[in-house]
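K.L.:
prediction below, plus the sequence it came from.
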Amino acid sequence: MIKTENLLKRVNTSEGVLTILNQVSLQIKPGEAVAIVGASGSGKSTLLGLMAGLDSATSGDVFLSGHSLAAMDEEQRAILRGQLVGFVFQSFQLLPSLTALENVMLPIELKGDPQAHAKARQLLERVGLDQRWHHYPNQLSGGEQQRVAIARAFATEAKILFADEPTGNLDTATGAKVIDLLFALNHEFATTLVLVTHDERLAEKCNRIIKLVAGEIVSDERNEDVASV
Amino acid sequence: MSAMRTWQVSDARESATLNSPAPGSAKPGSIKPVMPLTDHKPLSNLFRLAMRLLWRDWQSGELRLLFFALVMAVTSVTGIALFTDRLEKALLLESANMLAADRVLGSGRQPPEAILLEAQARGLRTATTLSFVSMAFSASGNMLVAAKAVSNEYPLRGEIIVTKQAFTRGVPVLNGPPPGEVWLESRALPALGIEVGDSVFVGEAELRVGNIIIAEPDRQQGGMADNAGPRLMLNMADVDATNVVQLGSRVSYRYLFASDAAAPLDEFEQWVGANYEDQYRLRNVRDESAEISDALNKAESFLLLGSLFAVLLAGVAIALTAKRYSERHFDYVAILKTLGCTSSQISFIYLSVQVVLGTIAIIVGSILGWIVHQGILQLLSSILLVELPPAGYQPFVIGSLTAIICLLAFALPPLLALRETPPLRVLRKDIGQQKFSANLPYAFGIFGAILLVFWYSQDFVLTTVLVVAVAGIAVLLSVVSWLLLHSSGSVGMKAGSAWKLAMTAARRRRKQNILQVMVFSVTIMSLLILTLLRTDLIDDWQAQLPENTPNHFMMNISQSQIAGIENFFAEKGIVGNTFFPLISARVTTVNGSQPDPQEALGSDAEGGSLTEGGSSLDEEADPANATPDADGEAIAATDARTEVADATQENAAGEGNAVGGRLSRRQVTWAENVPADNLITAGTWWGQDSQPGYVSIEQEYADWLDLEIGDQLEFEVNQQTISAEVSSFRSVRWDNMQPNFFIIFSPGTIDHLGATFLSTVLMEREQKIFLNDLVRQFPTIVVFEIDALIEQIQTIIAQVTSAIELISVLVLVCGGLVLLSCVNATLDERFHENAILRTLGAGKKLILTSLFIEFASIGAIAGVIATLGAEGSLYYLQEQVFEQDFNFHYWVWLAGPMLGMLIIAGLGVYSTRQVVSISPLNVLRRVV
């Protein structure tokens, strides 16, 4: 489903060239739930950005469902994201001028699906926000906003879900509920999940844990307690 | 490719999930390993999303400033265009009424009939008039009248207002008197002791009084002959019978032409120019009236400048608001991109927003423009003498095109640059647009501004000058603002915490602040330029023709009549006549040599309303000076002009030139004090203890003769030679409709040579009846009535003044929008910083004070730079474009910086006040 080959990311800083990711190669199978863990600055968010096609590598390549991202321009990567990928972010990234319902409808509408309204209502119901569909993001709590973001991520039946610190902005209890919801939906939709987190308990819920240190994979372990979808 | 193949083989299962549409039903299946990349987003969905965005951004207020700036641009341009379009049409119509035609050909000799026939052959309507001064006799009296014979077609434009009862309101008629009839002005009837229906003799012809003339369209256009007394109008067919007009008689012929289409008139004008070069020339109202032409030209320049400023300021406001809008949409676009929107789809969305917003702005702006221009017309209804012709569609096209150019140049580039927003911004907020895209809007904005300037002015040189000037000012402003803001740190350290906080903030945001200072400077500068220019223009006009401008000239007054005339007016309660001695003189030598004049005199002296400039030439050009104005060469404004024009036709040497090796005769005077509206430009005036033997010369005339202070001049005055030393040069205001002189002697120099006197007096309409008594009591004097002309000029000046006031208000509103947009542009950052400060415990007072100081400093710097720029620009505009004398506006040097400080500080604190009125958490939530 996802494969990276010798992924290298370097950036120019005032103090010289900084290597953020160094020759990272990995492979993620369909249905896997993979946690990428590591300290701040270890390169895990950069890796997620590269795998999701949000950024381009200095060298190396990423293959999403067989498509080489290095061979694509931003326009093609956008189309691929629209067809294949869903996101959940630490800061929710809902559009502030759209209601909860409209935020969920947005990716469905962009696909041209005439059932956008019904599907979005159904998903909001599934995440427990059917009563608050007409609220704007700033009228919702952090946990509620993240639930809307999760509903949006699954709205287009994306095959791959990238989650960047999904509980980073939430308290423990709310975070736990959101995570339960995320994994439940992930299971229902048979999605491949790539999750970047600091939270060890969250990582434990995944069936594979990749640890990054200074831009390199130092461990890639399978969690036998959790089965793939 | 090989990598992909390996991947497909190694992971067959992944493709199985791709086509599993239903939630929960995703199971492996056999499909193609690599799905095709196709984009299915229908445009209708994108458009719907764009409209939702538009509506929500409107509700949240984000688009309002941008929309208002656009509406302002359309409103001001459409309103101004509508107003000027209709006013121009109305003034042309009114002007045509002033001439009783569209074009006029005038001469002291009868022009060839071939000209009339050619005009008729070209489909033009024609009429002829013949003006002369004559005596009218009745059974009980006689009086000097300004006779005018008119052909049956007269007037071609406007109407004659007639009545049967003297001094009553009349009704309009389309033609003049039929053969056998005369029409007289009210004043003539009591003087002649007659009523309508009685007979009068003009020369040898007995004619019946058919009507009383209350008004005629071209009353003031016939030259001296038209101002010498009340009007007597007769039919052209009766002229021969009067036997008054003989060879050598002083008469004024006028051929009138009119057409509903402009092209035949222009072609005919060219034909006359080609066939009668140096002999005859067609004239329109601008040629006929220098005062009106001057006022109209200046008003047009001002309106052009005003609308340019309005549009450019609105453009800056649009650019600033669009930039802020686009900055606030970075995240939005990044999210849309993560959801699969391509760059071209982003462009489509924001283009749709702009097209819809622009369309609504054009509609609203056009309606508001219409209302604004209706408002102006309503305000001016009392002084608009003619019914305005309906507006064309062009003003709306101009307004709409302006909006489109503003959008394309100022709003679209920053919005389209959004397409470059990297999707990675969803993970890393610090990532912005690429440099090239970020700077692109400025390039487009500058290009758009140049395009607008050129489009409005249609003047390549002006556009170039403006572009170079603005570029220079921008560089200067950047340097000055950078230096000022750079040095603010050391000042701030000594002045307490709020001050320190403000200065640190100002320094930290130096880049944005320099941009803000530039925008504020240019805006305040534009407002200052327009306000000062407006004030100076209006002051100038009011000074030209103040309320109490005398509107009647009396000539040929002898020394012995002065006391009697003063008494006469004193008894009637009319005060304020001044008496000017007049005598005819010619410069014969300069320092003992023949004078050697330079090229022809300047336009002011030539076309201005000078008292004696034209008449003396007339004397040279028309030796048959056998008119009743005797030696009354000092004549009133309009006559001078007409005589000059007549003389120009008869004598190609032109006005003021030496004729036959001799200089023209001039009407000269002597005076103890410098006349009003005269300024000494060199040398000294003789003052109260004056000695005979000195002379003061008008500056242009002195230049023309290449004179210097101290030169010895010899004059021929009444066949005697008089010497005088040049003691001063003077500038003269020729357009003040008052007696003005090229040459003024010191008292005692020529007093003994026998002068007549000229006097001026202000008489209201209802006082004009006294003229009969005056002429009866002092039969040798000649009265020139220029009240109608002064009234006409004052009306037109009042109209253009109102237009100028309105434009100033529109530009002020645009300037306000720019200031508001510019303050708003950095609002987010200030909100964020101050919210953090508040969470750290900073009090309301500290924050508000530091905000006030920061904005006030920026405003003060902008005010200083704006004042500097405004005075510099005004110097150029007044000297080069508006032909005014530039004077320093000392008060502006204090008012400019103070205003800048107060306005910017007020707006800034007002816009950011919420930072202390709502909770820091909400502020942080709002801006994060």
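P.N.:
Nice, thanks for sending it over. Here the structure is a predicted model, which is why all the values come from computation and not from measurement.

K.L.:
show me what the helix or strand containing residue B:354 is packed against.
P.N.:
Element membership for residue B:354, per DSSP states H and E: helix B:343-380. Here helix B:343-380 touches helix A:74-84, helix B:43-59, helix B:64-99, helix B:330-338, helix B:394-406, helix B:412-416, helix B:787-825, going by 3 or more C-beta pairs under 8 Å, 6 or more residues apart in numbering or on different chains; DSSP states H and E. Any C-beta I mention is one placed from the backbone N, CA and C, and that applies to glycine too.

K.L.:
I'd like the average pLDDT over it.
P.N.:
Over the span of helix B:343-380, the pLDDT mean works out to 86.

K.L.:
for stretch A:26-37, same thing?
P.N.:
90.

K.L.:
how about the spatially most central residue of chain A: what's its closest non-neighbour residue?
P.N.:
In chain A, the residue lying closest to the centroid (C-alpha atoms, centre = their mean) is residue A:162, at 1.5 Å. With sequence-adjacent residues excluded and distances taken as C-beta to C-beta, 6 or more residues apart in numbering or on different chains, residue A:162 is closest to residue A:52, at 4.6 Å.

K.L.:
for the one you found, grab the count of nearby residues.
P.N.:
Using other C-beta atoms under 10 Å in any protein chain shown, residue A:52 has 29 neighbouring residues.

K.L.:
one more: residue B:57?
P.N.:
Residues near residue B:57, counting by other C-beta under 10 Å: 21.

K.L.:
residue contacts, the residue nearest to it when sequence neighbours are not counted?
P.N.:
Nearest residue to residue B:57, sequence neighbours excluded (C-beta to C-beta, 6+ apart): residue B:63, at 4.5 Å. Residues counted as contacts of residue B:63 (C-beta atoms under 8 Å, 6 or more residues apart in numbering or on different chains) are B:54, B:57, B:325, B:357.

K.L.:
now with 10 Å?
P.N.:
Contacts for residue B:63 (C-beta atoms under 10 Å, 6 or more residues apart in numbering or on different chains) come out as B:53-57, B:70, B:321-322, B:325, B:353, B:357.

K.L.:
how much space separates residue B:571 from residue B:774?
P.N.:
Taking C-beta to C-beta, to the nearest Å as the measure, residue B:571 falls 11 Å from residue B:774.

K.L.:
check residue B:705 too.
P.N.:
Following C-beta to C-beta, the distance that separates residue B:705 from residue B:774 is 39 Å.

K.L.:
cool, residue B:565 as well?
P.N.:
For residue B:565 relative to residue B:774 (C-beta to C-beta), the value is 8 Å.

K.L.:
torsion angles phi and psi at the residue nearest to residue A:162?
P.N.:
phi -80, psi 0 (degrees, to the nearest 10).

K.L.:
surely residue B:712 and residue B:722 touch.
P.N.:
No. If you go by C-beta atoms under 10 Å, residue B:712 and residue B:722 don't touch, sitting 11.2 Å apart.

K.L.:
more neighbours: these two, which one.
P.N.:
residue B:722 (21 against 14).

K.L.:
what bridges to the closest residue to the more buried one other than its chain neighbours?
P.N.:
Sequence neighbours aside, residue B:715 is the residue nearest to residue B:722 in space, at 4.7 Å (criterion: C-beta to C-beta, 6+ apart). For residue B:715, the beta-bridge partners are residue B:587, residue B:722 (DSSP bridges).

K.L.:
from chain A, how far off is residue B:715?
P.N.:
86 Å (C-beta to the nearest C-beta, to the nearest Å).

K.L.:
ditto for residue B:727
P.N.:
Distance of residue B:727 to chain A, given as C-beta to the nearest C-beta: 76 Å.

K.L.:
neighbour count: residue B:571 and residue B:774, which is higher?
P.N.:
Neighbour tally, residue B:571 and residue B:774, criterion other C-beta under 10 Å: the higher count belongs to residue B:774, 20 against 10.

K.L.:
what about that one, which helix or strand?
P.N.:
Using DSSP H and E, residue B:774 falls in helix B:770-777.

K.L.:
that helix: which residues count as buried?
P.N.:
B:770-772, B:774-775 (16 or more other C-beta atoms under 10 Å in any protein chain shown).

K.L.:
low-confidence stretches in chain A?
P.N.:
Residues of chain A that meet the criterion pLDDT under 70 lie in A:226-229.

K.L.:
what about the strands in it?
P.N.:
All strands of chain A, identified by DSSP state E, fall at A:2-13, A:16-28, A:33-37, A:59-64, A:67-68, A:85-88, A:160-164, A:192-197, A:208-213, A:216-222.

K.L.:
got those strands as CSV, with distance to residue A:98 columns?
P.N.:
As requested, these are exported to CSV (distance: least, C-beta to C-beta, whole Å):
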stretch, distance to residue A:98
strand A:2-13, 30
strand A:16-28, 31
strand A:33-37, 29
strand A:59-64, 27
strand A:67-68, 29
strand A:85-88, 16
strand A:160-164, 21
strand A:192-197, 25
strand A:208-213, 34
strand A:216-222, 38
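
K.L.:
quick one: which of those strands is nearest residue B:682?
P.N.:
Closest approach to residue B:682 among the strands of chain A (C-beta to C-beta): strand A:2-13, 70.0 Å.

K.L.:
in that closest one, which residues are buried?
P.N.:
A:2-5, A:7-9.

K.L.:
touching chain B at all, that strand?
P.N.:
Yes. Residues of strand A:2-13 are located near chain B by C-beta under 10 Å from any C-beta of the partner chain, namely A:2-3, A:5.

K.L.:
kindly check the end-to-end length of stretch B:403-421 for me.
P.N.:
27 Å (C-alpha to C-alpha, to the nearest Å).

K.L.:
is that stretch anywhere near chain A?
P.N.:
Yes. For stretch B:403-421, a contact with chain A is found by C-beta under 10 Å from any C-beta, at B:419-420.

K.L.:
neighbouring contacts of stretch B:160-171?
P.N.:
B:100, B:150, B:154, B:159, B:172-177, B:183-190, B:194-197, B:209-217, B:219, B:233, B:765-766, B:768-769.

K.L.:
buried stuff in that stretch?
P.N.:
In stretch B:160-171, counting by 16+ other C-beta under 10 Å, buried: B:160-163, B:166-167, B:170.

K.L.:
send me it as PDB with only the CA atoms.
P.N.:
What follows is stretch B:160-171, C-alpha atoms only, in PDB (Å, rounded to 0.1, in the frame of the first residue of the first chain):
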ATOM      1  CA  ILE B 160     -35.000  85.200 -27.000                       C
ATOM      2  CA  ILE B 161     -37.200  86.000 -24.000                       C
ATOM      3  CA  VAL B 162     -39.700  88.700 -24.800                       C
ATOM      4  CA  THR B 163     -42.600  90.400 -23.200                       C
ATOM      5  CA  LYS B 164     -45.100  93.200 -23.900                       C
ATOM      6  CA  GLN B 165     -44.600  94.900 -20.500                       C
ATOM      7  CA  ALA B 166     -41.300  96.400 -19.600                       C
ATOM      8  CA  PHE B 167     -39.400  94.900 -16.600                       C
ATOM      9  CA  THR B 168     -41.600  91.800 -16.400                       C
ATOM     10  CA  ARG B 169     -40.900  88.100 -17.000                       C
ATOM     11  CA  GLY B 170     -41.100  87.100 -20.600                       C
ATOM     12  CA  VAL B 171     -41.800  84.100 -22.700                       C
END
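
K.L.:
much appreciated, bye for now.
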